[in-house]
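Student: Turn this into a model:
(one chain, ligands or ions: 2)
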Amino acid sequence: MADNEQNDPNKIDDETLKTGEATTESKTMQRRQFVTRGIAGIGAGFVGAQLIACSSKEEAAPAAKATPKTSGTKATPAHAPAHAPAHGSVAPGQLDDYYGFWSGGQSGEVRVVGVPSMRELKRIPVFNRDSASGWGRDDYSTKILGGTNSGDTHHVHLSYDGGTYDGRYAYVNDKASARLARLRLDTFECDAIVDLPNAAGTHGIFPQRHKTGLVLCNSEFRLPLPNDGKTDMDDPSKWGAMHTAVDGETMEVKWQVMVEGNMDLCATDYTGLYSFATCYNSEGALNLEGMMAADRDVLYAFNLANIEKAVAAGKTTTVGDSKVPVIDARGENSEFVLRIPVPKSPHGVNMDPTGKYAIVSGKLSPTCSVVDVSKIAAAFSGEIKPRDCVVAEPEVGLGPLHTAFDGRGNAYTSIFIDSVITKWSINKAIAAHNGEKVDPIIEKMDVHYQVGHTNASMSETKDADGKWLIALCKFSKDRFLNVGLLHPENDQLIDISGEKMKLTHDGPTYPEPHDCVIVKRDILKPVQISPRTGPRFDMYEKWAREDGVDLQKDNVVKRKGKNVRVYMTSLAPAFGMQEFKVKAGDTVQVIVSNQDKVEDLSHGFNMTGHDVNYLVNAQGTNSMTFTAGKPGVYWFYCPWFCHALHLEMRGRMIVEA
Ligand code: RUQ
Ligand code: CUA
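Tutor: Ligands and ions are numbered 1, 2, ... in the order given. Coordinates of the predicted model:
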């Protein structure tokens with residue numbers, strides 16, 4: 001197929017609309033070639049060759065054993081958009097049943113999406129800078145961001161109590177700068193960010209599920225430890241990666257465990273005994289070929305009780321400048337870490353809602369490994385081999401990445417290369433592994449295209465309810481109007497409440513949400529008026545005390561040398577101050593406290609000519625620091641439509657020579 005033909009979405013749509021096997025086949029073909037081309041483009045001959053063998057029809061023979069075809073289950077045909085059923089639509093004025101928390105990938109943010117309407121409700125800036133709210137530019141957020149301008153959020157998870165969400169916090173990773181952020185779920189704002197020492201590429205994170213507790217964070221990139229430019233620079237065999245525990249309440253880093261391989265995704269069990277990390281580079285290689293060399297890699301199981309005991313007893317060291325206690329668990333299995341062998345380059349690890357099984361997705365193996373968590377203790381004590389913890393390994397398709405659950409014993413695995421969601425039965429997979437003649441594969445459904453994460457309503461809790469599944473597809477290709485070089489991604493909504501999966505919605509997203517969790521709406525208790533608690537308010541209260549000011553009442557200028565703090569109130573449609581004076585070159589902080597007590601009555605503060613813009617919610621306080629420019633008159637104004645006289649809500653900064 002010529003390239004231009006392959007890229008013409010109309011061409012393939014025509015074929016598909018005629019329906020029938022051949023057309024499904026041809027669409028599948030086209031899709032597969034698309035991926036193959038992409039991967040071959042990496043330029044690594046070995047990888048290209050291997051994945052082409054797995055994904056192109058002509059050369060399917062060598063990989064035949066590994067293809068989903070052996071299961072005898074056919075992929076269901078693609079749903080044409082015109083035939084999309086009304087499931088999932090929520091009428092105007094009606095509310096969604098679920099909050100979805102989406103990571104925002106390279107945007108560095110977190111998004112809140114209503115499910116099943118898939119309406120985007122909010123973007124919460126976290127590691128990024130946001131012109132609308134002033135996040136990343138106001139005084140509190142610049143302090144906790146520590147000078148960074150970007151982030152890469154992959155995984156959002158909520159705090160737990162008793163195996164289900166308690167509605168208090170969400171946690172999200174930053175892969176780029178090895179950080180963990182916390183969002184409060186009463187205000188839907190980020191309130192804390194912590195740097196993880198000796199870590200790089202913080203990827204998988206997961207809070208403890210019996211009660212959060214700890215939030216466990218995986219380093220995906222191995223480093224010399226310490227990474228000080230002197231230690232082991234030329235000897236990567238000595239490098240390691242950190243499994244870091246952060247206290248979800250205080251956001252302090254509690255301890256780190258060092259292992260030899262890299263760590264990708266993370267999960268915790270339901271009892272607080274273990275945390276898990278998949279390792280796709282147990283080889284410790286530095287390049288692609290090397291990372292893919294071994295037929296098996298491992299799932300690390302961390303024994304949290306033994307680790308905490310050793311930390312409490314001070315049987316730890318430190319690495320580099322960090323004071324955080326470290327256990328060096330590189331090399332052999334020990335009381336701290338067990339290595340459970342699983343096929344080639346695993347990616348996701350997900351706990352099923354019963355808490356019995358951790359499902360490890362193969363990525364370069366067409367299998368999922370089912371790890372029986374109840375056997376892990378015996379493996380730690382040496383009564384059984386670590387590999388004996390694996391009680392099933394069903395073939396689910398090419399490139400399995402992540403698994404979600406419906407609470408009815410079924411697993412839904414996202415299959416990247418095949419672009420399908422495979423629904424399979426965990427119990428049947430175990431039975432088949434024990435020699436029974438059963439096929440665990442229930443259904444495969446096409447998704448469009450190259451699905452990364454998948455997640456289902458309440459899937460990461462004991463209350464998984466089996467209503468909705470999201471397939472976060474990395475490519476939308478021909479599904480939407482062409483918008484130039486970068487296409488949207490496609491977050492597809494699938495109804496899993498019935499016998500068959502039903503695709504109900506195509507959701508274009510700005511790149512690149514990696515993962516989402518879907519939370520019953522009654523679990524969250526958002527507030528409408530700023531609670532004036534937490535570290536942001538502590539900062540303002542401290543400043544106000546220093547300056548003898550009542551934030552909620554006073555309109556006053558406080559000067560210390562060249563540093564000027566302007567305390568100002570706002571009450572629709574006016575600021576408490578019409579005019580203030582500063583000198584050119586002064587460092588100015590305008591601290592606005594919003595006196596309005598009406599739900600959603602937000603004001604903001606924009607200082608013209610000074611690149612200053614921020615949001616002040618009802619009863620909130622916010623501020624930004626800037627340098628007063630050249631002498632002259634500068635209007636400041638309220639940028640949020642707050643009142644019929646909103647345009648009149650303005651005042652002047654007089655800058656004197
Ligand atoms: S990862 S597509 Cu960053 Cu969650 Cu698997
Ligand atoms: Cu206040 Cu517009």
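Student: Would you mind listing what in the stretch 301-450 of the chain touches ligand 1?
Tutor: Residues of the stretch 301-450 of the chain found near ligand 1 (Cβ under 6 Å from any ligand atom) are H347, G348, L401, H402. Heads up, the C-betas are built off the backbone N, CA and C, glycines and all.
Student: for the chain, same thing?
Tutor: So far as Cβ under 6 Å from any ligand atom goes, the chain lies against ligand 1 at H154, H155, H203, H347, G348, L401, H402, G452, H453, H514, D515.
Student: so which strand or helix has whichever residue of the chain sits closest to ligand 1?
Tutor: Closest residue of the chain to ligand 1, Cβ to the nearest ligand atom: G452 (3.1 Å). G452 is part of strand 451-456, with elements assigned from DSSP states H and E.
Student: and that strand, what other elements does it pack with?
Tutor: The elements that strand 451-456 packs onto, with contact taken as 3 or more Cβ pairs under 8 Å, 6 or more residues apart in numbering; DSSP states H and E, are strand 400-405, strand 410-415, strand 420-425, strand 468-473, strand 516-520.
Student: So what are the sheet partners of it and their directions?
Tutor: Each strand that pairs with strand 451-456, with its direction, by DSSP bridges: strand 468-473 (antiparallel).
Student: between the strand it pairs with and strand 516-520, how many degrees?
Tutor: Orientation check (axes from the mean of the first three to the mean of the last three Cα atoms, to 10 degrees): strand 468-473 against strand 516-520 gives 160 degrees.
Student: Name the residues that touch the next helix or strand after strand 468-473?
Tutor: Sequence-wise, the next helix or strand beyond strand 468-473 is strand 489-495, with elements assigned using DSSP H and E. Under the criterion Cβ atoms under 8 Å, 6 or more residues apart in numbering, residues 87-88, 102, 113, 115-116, 118, 421, 445, 447-449, 467-476, 479-480, 501-513, 516 lie in contact with strand 489-495.
Student: which of those residues count as buried?
Tutor: 87-88, 102, 113, 115-116, 118, 421, 445, 447-449, 467-476, 479, 501-507, 509-510, 512-513, 516 (16 or more other Cβ atoms under 10 Å).
Student: Which stretches in this protein count as helices?
Tutor: Counting by DSSP state H, one finds helices in the chain at the ranges 3-6, 9-17, 21-40, 45-55, 139-145, 288-291, 304-312, 376-380, 426-433, 535-547.
Student: Just the pLDDT at the closest residue to ligand 2 within the stretch 1-150 of the chain, thanks.
Tutor: Using Cβ to the nearest ligand atom, A132 is the residue of the stretch 1-150 of the chain that sits closest to ligand 2, at 13.4 Å. In the prediction, the pLDDT value recorded for A132 is 96.
Student: Repeat that for Q589.
Tutor: For Q589, the pLDDT comes out at 98.
Student: same check, this time on the one 4 residues further on
Tutor: With respect to pLDDT, S593 has a value of 98.
Student: quick one, what contacts the most centrally placed residue in the chain?
Tutor: With distances taken as Cα atoms, centre = their mean, the residue of the chain nearest its centroid is H155 (2.0 Å). Contact analysis of H155 by Cβ under 8 Å, 6+ apart lists S103, V172, N173, H203, G204, I205, F206, L265, C266, H514, D515.
Student: confidence score at it?
Tutor: The per-residue pLDDT reported for H155 equals 98.
Student: Please report how far it lies from C642.
Tutor: Taking Cβ to Cβ, to the nearest Å as the measure, H155 falls 36 Å from C642.
Student: end to end, how far does stretch 260-271 reach?
Tutor: 26 Å (Cα to Cα, to the nearest Å).
Student: pLDDT averaged over that stretch, what's the number?
Tutor: The average of the pLDDT scores along stretch 260-271 is 97.
Student: hmm, back to that, and the residue nearest to the centre of the chain, how far from R168?
Tutor: Taking Cβ to Cβ as the measure, H155 falls 18 Å from R168.
Student: Next: D264.
Tutor: The separation that D264 has from R168, given Cβ to Cβ, amounts to 27 Å.
Student: And for S103?
Tutor: When Cβ to Cβ is applied, the distance between S103 and R168 equals 19 Å.
Student: of the two, who's got more company?
Tutor: Neighbours were counted for S103 and for R168 using other Cβ atoms under 10 Å; S103 has more, 26 against 20.
Student: Note down every partner strand of the longest strand anywhere in the chain and its orientation.
Tutor: Counting residues, the longest strand in the chain under DSSP state E turns out to be strand 164-174. Each strand that pairs with strand 164-174, with its direction, by DSSP bridges: strand 156-161 (antiparallel), strand 179-184 (antiparallel).
Student: What residues of that strand count as buried?
Tutor: Residues of strand 164-174 classed as buried by neighbour count (16+ other Cβ under 10 Å): T164, Y165, G167, R168, Y169, A170, Y171, V172, N173, D174.
Student: Am I right that the fourth one is in contact with L183?
Tutor: No: with contact defined as Cβ atoms under 8 Å, R168 and L183 do not form a contacting pair (10.0 Å).
Student: Let me see the contact set for A267.
Tutor: Shown in contact with A267 (Cβ under 8 Å, 6+ apart): G204, F206, S275, F276, V349, N350, M351, A358.
Student: mind listing which of those residues are in strands?
Tutor: In this view, the contacts of A267 that belong to strands under DSSP E are G204, F206, S275, F276, V349, N350, M351, A358.
Student: hang on, isn't the second one packed against T212?
Tutor: Think F206. No: here F206 does not reach T212: they are 9.6 Å apart, not a contact under Cβ under 8 Å.
Student: neighbour count winner among these two?
Tutor: When neighbours are counted by other Cβ under 10 Å, F206 and T212 differ, and F206 comes out ahead with 27 against 24.
Student: so who does that one touch?
Tutor: The neighbours of F206, taking Cβ under 8 Å, 6+ apart as the test, are H155, H157, V215, L216, C266, A267, T268, S275.
Student: which one of those is nearest E289?
Tutor: Closest approach between these and E289, by Cβ to Cβ: C266, at 26.2 Å.
Student: Let me see the contact set for the nearest residue to the closest one once chain neighbours are set aside.
Tutor: In this structure, C266 finds its nearest non-sequential neighbour in G204, 3.2 Å apart by Cβ to Cβ, 6 or more residues apart in numbering. When contacts are counted by Cβ under 8 Å, 6+ apart, G204 touches 154-155, 173, 217-218, 220, 263-267, 277-278, 349.
Student: do that again at 7 Å, thanks
Tutor: Shown here is G204, whose contacts under the criterion Cβ atoms under 7 Å, 6 or more residues apart in numbering are H155, N218, M263, D264, L265, C266, A277.
Student: Return the distance of the fifth one relative to D515.
Tutor: It stands for L265. In this structure, L265 lies at 9 Å from D515, with Cβ to Cβ as the measure.
Student: Comparing those two, which shows the higher neighbour count?
Tutor: For L265 against D515, the residue with the higher neighbour count under other Cβ under 10 Å is L265, and the figures read 29 against 25.
Student: Quick check: phi and psi at the more buried one.
Tutor: Phi and psi for L265, reported as degrees, to the nearest 10, are phi -80, psi 160.
Student: Verify the stated contact: it with C279.
Tutor: No: between L265 and C279 there is no contact, the gap being 9.9 Å when judged by Cβ atoms under 7 Å.
Student: I appreciate the help and will end here.
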